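**Q** Sequence and computational prediction follow.
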Amino acid sequence: MPRPPKCRRICGLPGIKSFGPWESDLPLPVTGKIEMTLDEYESIRLIDLLGYTQEDCSRQMNVARTTVQAIYNSAREKLADALINGKQLLIQGGSYALCSLSRECCGKAKGTCCCHQSSCAKKTKTGGN
């Protein structure tokens, strides 16, 4: 039996949790849904948006670099599938510890997340909401 996944540290919830295809104001038929976990979202935010290396990202998220690599690869695959195949992308769930302070202090300088300055409120989610 595999061990349960370690909580991954994230510094905030996304403002928008669902993305999908549309043309002007007319909704297109959604050909499927893809669920991206919050830790996958955080890896995309840190590596692609803020320019962290996988090593920096692993320290920020409090997991091994190989774990970050797997999380990041999964997230990129899901993004590509949603974009190329016109699927709805939902961001929710996962095993994570949410920083208890404001996201404003997170990501300004590599390795200076507010999560390192205080304890995080642990939250584990496996499904919607």
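**A** Thanks, I have the structure now.
**Q** The closest residue to Asn85 other than its chain neighbours: what's it in contact with?
**A** Computed as Cβ to Cβ, 6 or more residues apart in numbering, the closest residue to Asn85 that is not its neighbour in sequence is Thr31, at 6.2 Å. No exception for glycine: its C-beta is placed from N, CA and C like everyone else's. Each residue near Thr31 by Cβ atoms under 8 Å, 6 or more residues apart in numbering is listed here: 85-87.
**Q** quick one: which of the residues you listed has the most company?
**A** Neighbour counts for the contacts of Thr31 peak at Lys87, which has 18 neighbours (criterion: other Cβ atoms under 10 Å).
**Q** if I look at that one, how far off is Arg59?
**A** 32 Å (Cβ to Cβ, to the nearest Å).
**Q** Please name the nearest non-neighbouring residue to the residue nearest the centre of the chain.
**A** What sits nearest the mean C-alpha location of the chain, by Cα atoms, centre = their mean, is Tyr41, with 1.9 Å. Spatial nearest neighbour of Tyr41, excluding adjacent residues (Cβ to Cβ, 6+ apart): Ile91 at 5.0 Å.
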